[in-house]
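Visitor: what follows is a predicted structure for the sequence shown.
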2 protein chains.
Amino acid sequence: MKQNRVLEQTMQTDIQRILKGDQLAGARLIRLLEEGDPDGMAGLKAIFARTGRAFILGITGPPGSGKSSLVGHMITECRRRDLKVGVVAVDPSSSLTGGAFLGDRLRMRQHTEDAGVFIRSMATRGHLGGLSTTTREVALVLDAMGYDVVMIETVGVGQDEVEIAEFAHTTIVVSLPGTGDDIQALKAGLLEIGDVYIVNKGDRPGADDEVARLQGMLEMGKRPEASWIAPVLKTVAVKGEGISKVVDACWNHRQHLLDRGLFQKHTNQQTIRLFQRLVMDLAADKIFKCNRESTAYQTLLKNLKDRKIDPVTAAENLVKNMKVKI
Amino acid sequence: MKQNRVLEQTMQTDIQRILKGDQLAGARLIRLLEEGDPDGMAGLKAIFARTGRAFILGITGPPGSGKSSLVGHMITECRRRDLKVGVVAVDPSSSLTGGAFLGDRLRMRQHTEDAGVFIRSMATRGHLGGLSTTTREVALVLDAMGYDVVMIETVGVGQDEVEIAEFAHTTIVVSLPGTGDDIQALKAGLLEIGDVYIVNKGDRPGADDEVARLQGMLEMGKRPEASWIAPVLKTVAVKGEGISKVVDACWNHRQHLLDRGLFQKHTNQQTIRLFQRLVMDLAADKIFKCNRESTAYQTLLKNLKDRKIDPVTAAENLVKNMKVKI
């Protein structure tokens, strides 16, 4: 009991610190959320009212396209504009190597002395990339800490890109003057999700062709009702070239959303999404925990293994008797 | 009413055809499942008792590693061994391009005249790669159709690899004599999930180094209790070189699982997984549909948007009163 009160006081103090932008306190709450600790949820409750202000910026593209360099220079540019920047880097991680070891990430280190920058590398344990389920929660913490921009960098090409595009206000898609059928197909997929396109390593031969190609494909796929025309910009991220225009383009898109009431609408949708995901998590917990001990449930599982009942009928039976109305 | 009976009869006829391996009937059921049609679920119920026999083989690796060529030649090798082969190719798709257009896939066309081969390209609509949620169901259909091996090829590097490794009995990880920090990090992640490793394009310089490197990393990360030592094989997929050894390695792994009762255990786990996912799908449907019209729920959503309540508390309130016990 006494220990609980001490813990509660620590949490209270931490919440105050987080709302003032304290990075250690912020990191502690993020760790609790990543670990699925109930205190993490308590923390989220406490900070939520102070969120909804940050501009969520997704940066995505295939491996090796130079996203980390780009993010590093974008941080510098945002700082020049007096914007506080939080970064969530969703890394491929490995239980063997004990986490990401991307060389590029080193380039972000220059920012670690700056109180206006907070970089969090999310080791999505046991997963190869993929937007961690807690990315939304972590972004809320950075939001509450007062960061004007929250950048979310995803490595990899897969489901996570779609998720990041859904979650971010503005999505930057990075590509390269490119090769290979597979890569081209992936690029085609990426054409659905970007608000700003970047051809990085723009000093390589073929960069201008790539810009033209992307513009052509975007033009071809444009919906008649679309009011935003996604720009295609050329950068040389390692040299910091073209970065200012990228930040401008993001801010233009943000303004575009604000002018049409879409910024707030998007933020609201993300709140509802998070709520719905939490409902499903809690419901799953309740459904499987509640029934785990029951003979009826154990019989059901046994019949499934023996193929005496099929999974569809089994699921229907389980859900049929649930009372879910609030 | 009459129409329902006609439909039901069609379905009955289709089920009989599917169980005899009819490809058109199989394709129809797969389409229903992909479209989330209730008839798809009815079909799944009808075939389930006849599943659980197929050897599920996952093939994964980064874009451009030559997976499709490899799969094409593996099909040929399996046919030589008189095995019937079903393939699910999970493609990046695009609403712009209307689906995958990977050149490599053309090489699989030679098999389309062969009744012992059934290739299904899953256009994961609106997603960039990523294991479609219906992949498990589609694999069950191929299983019921009598295919001895069901190969699931995933393009992309992300969450889907972990999912495929979880789902497949045996997972082949394909890599290349390689370059780039990002790619290396991804490879490190892939070291957790493979049962058989392939260095494709093995005639390129550095292929032997790559094999040695992979073997070293696998050796380093090996758990003491592990009884399977994942082999690292060199192939030149476009020329069909080394394919026979790959198929041998997969069959060795299958035998390894069978000898230890792990094959059946794995199949059972996958059934339970599918059941649990269906429970969650049905529960989500019920929870959100049941409450959509209610004033209490609408007030909850409004309060969320106004940030008067946080998503954690809102979710807790909703789930608290649910009755879920069977």
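Guide: Structure's in. What do you need?
Visitor: lowest-pLDDT helix or strand in chain A?
Guide: helix A:181-190 (a mean of 56; mean pLDDT, DSSP states H and E).
Visitor: partners of the helix or strand just after that helix in the sheet?
Guide: The element immediately downstream of helix A:181-190 (helix or strand, assigned by DSSP states H and E) is strand A:196-199. Under the criterion DSSP bridges, strand A:196-199 sits next to strand A:170-175 (parallel), strand A:232-234 (parallel) in its sheet.
Visitor: got TSV for those strands, with mean pLDDT and mean neighbour count too?
Guide: Using the backbone N, CA and C atoms, a C-beta is placed for each residue, glycine as well. Converted to TSV, the strands paired with strand A:196-199 look like this (pLDDT from 0 to 100; neighbours: other C-beta atoms under 10 Å in any protein chain shown):
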stretch	mean pLDDT	mean neighbour count
strand A:170-175	92	27
strand A:232-234	96	20
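Visitor: need the longest helix for chain A.
Guide: Ordering each helix of chain A by length in residues (DSSP state H) puts helix A:262-292 first.
Visitor: got the contact list for the very next helix or strand once past that one?
Guide: Tracing the chain C-terminally past helix A:262-292 and defining elements by DSSP H and E, one meets helix A:295-305 next. Applying C-beta atoms under 8 Å, 6 or more residues apart in numbering or on different chains, the set of residues contacting helix A:295-305 from outside is A:291, A:309-311, A:314, A:317-318, B:268, B:271-272, B:275, B:326.
Visitor: follow-up on the earlier one: the strands paired with strand A:196-199: which one's closest to B:Gly146?
Guide: Of all the strands paired with strand A:196-199, strand A:170-175 sits nearest to B:Gly146, with 43.0 Å by C-beta to C-beta.
Visitor: so how far is that closest one from its chain's centroid?
Guide: Averaged C-alpha coordinates place strand A:170-175 at 13 Å from its chain's average position (C-alpha atoms, centre = their mean, to the nearest Å).
Visitor: can you dump the C-alpha coordinates of that strand into CSV?
Guide: Listed in CSV are the C-alpha atoms of strand A:170-175, where the atom choice follows Å, rounded to 0.1, in the frame of the first residue of the first chain:
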residue,chain,number,x,y,z
THR,A,170,1.9,14.4,-43.8
THR,A,171,3.8,11.5,-45.3
ILE,A,172,7.2,11.9,-47.1
VAL,A,173,8.1,9.0,-49.5
VAL,A,174,11.8,8.8,-50.2
SER,A,175,13.1,6.9,-53.3
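Visitor: pLDDT below threshold where in the stretch 201-326 of chain A?
Guide: Along the stretch 201-326 of chain A, the model assigns pLDDT under 70 to no residue.
Visitor: how many residues are close by A:Ala226?
Guide: A:Ala226 is surrounded by 10 other residues when neighbours are defined as other C-beta atoms under 10 Å in any protein chain shown.
Visitor: where exactly do the helices run in the stretch 1-150 of chain A?
Guide: Under the criterion DSSP state H, counting those that start in this stretch, the stretch 1-150 of chain A carries helices at the ranges A:2-19, A:23-34, A:38-47, A:67-80, A:135-144.
Visitor: tabulate those (JSON lines), appending mean pLDDT and mean neighbour count.
Guide: JSON lines is the format used below for these (pLDDT from 0 to 100; neighbours: other C-beta under 10 Å):
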{"stretch": "helix A:2-19", "mean pLDDT": "79", "mean neighbour count": "13"}
{"stretch": "helix A:23-34", "mean pLDDT": "92", "mean neighbour count": "20"}
{"stretch": "helix A:38-47", "mean pLDDT": "94", "mean neighbour count": "19"}
{"stretch": "helix A:67-80", "mean pLDDT": "92", "mean neighbour count": "22"}
{"stretch": "helix A:135-144", "mean pLDDT": "94", "mean neighbour count": "25"}
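Visitor: want to throw these into CSV with distance to chain B?
Guide: Output for the helices of the stretch 1-150 of chain A, formatted as CSV (distance: least, C-beta to the nearest C-beta, whole Å):
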stretch, distance to chain B
helix A:2-19, 13
helix A:23-34, 11
helix A:38-47, 5
helix A:67-80, 9
helix A:135-144, 9
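Visitor: among these, which is nearest B:Arg80?
Guide: helix A:67-80 (44.1 Å).
Visitor: quick check, distance from the closest one to the centre of its chain.
Guide: Taking mean C-alpha positions (C-alpha atoms, centre = their mean), helix A:67-80 and its chain are 17 Å apart.
Visitor: dump it to PDB, keeping only the CA atoms.
Guide: Extracted C-alpha coordinates of helix A:67-80, given in PDB (Å, rounded to 0.1, in the frame of the first residue of the first chain):
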ATOM      1  CA  LYS A  67      16.000   8.300 -44.800                       C
ATOM      2  CA  SER A  68      18.100   8.600 -41.700                       C
ATOM      3  CA  SER A  69      20.400  11.200 -43.200                       C
ATOM      4  CA  LEU A  70      17.400  13.100 -44.500                       C
ATOM      5  CA  VAL A  71      15.700  13.100 -41.000                       C
ATOM      6  CA  GLY A  72      19.000  14.300 -39.500                       C
ATOM      7  CA  HIS A  73      19.200  17.300 -41.800                       C
ATOM      8  CA  MET A  74      15.500  18.000 -41.500                       C
ATOM      9  CA  ILE A  75      16.000  18.200 -37.700                       C
ATOM     10  CA  THR A  76      18.700  20.800 -38.300                       C
ATOM     11  CA  GLU A  77      16.400  22.800 -40.600                       C
ATOM     12  CA  CYS A  78      13.500  22.600 -38.200                       C
ATOM     13  CA  ARG A  79      15.700  23.800 -35.300                       C
ATOM     14  CA  ARG A  80      16.800  26.700 -37.500                       C
END
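Visitor: what packs against it?
Guide: For helix A:67-80, the contact count by 3 or more C-beta pairs under 8 Å, 6 or more residues apart in numbering or on different chains; DSSP states H and E identifies strand A:55-60, strand A:85-91, strand A:149-154, strand A:170-175, helix A:243-259 as packing neighbours.
Visitor: phi and psi next, for A:Tyr325.
Guide: Rather than Tyr, residue A:325 is Lys. phi -70, psi 130 (degrees, to the nearest 10).
Visitor: so who does it touch?
Guide: Shown here is A:Lys325, whose contacts under the criterion C-beta under 8 Å, 6+ apart are B:290-291, B:294, B:321.
Visitor: same check, this time on A:Ile172
Guide: Going by C-beta under 8 Å, 6+ apart, the list of residues near A:Ile172 reads A:57-60, A:70, A:194-198, A:246, A:250.
Visitor: ok, which pair from those residues is furthest apart?
Guide: Across the contacts of A:Ile172, the two members that end up farthest from each other (C-beta to C-beta) are A:Leu70 and A:Asp195, 15.1 Å apart.
Visitor: one step back: out of the strands paired with strand A:196-199, which gets nearest to B:Arg120?
Guide: The closest approach between B:Arg120 and any of the strands paired with strand A:196-199, judged by C-beta to C-beta, belongs to strand A:170-175 at 29.0 Å.
Visitor: does A:Ala46 touch A:Arg17 like I think?
Guide: No - shown here, A:Ala46 and A:Arg17 do not form a contact pair, counting by C-beta atoms under 8 Å, at 11.6 Å.
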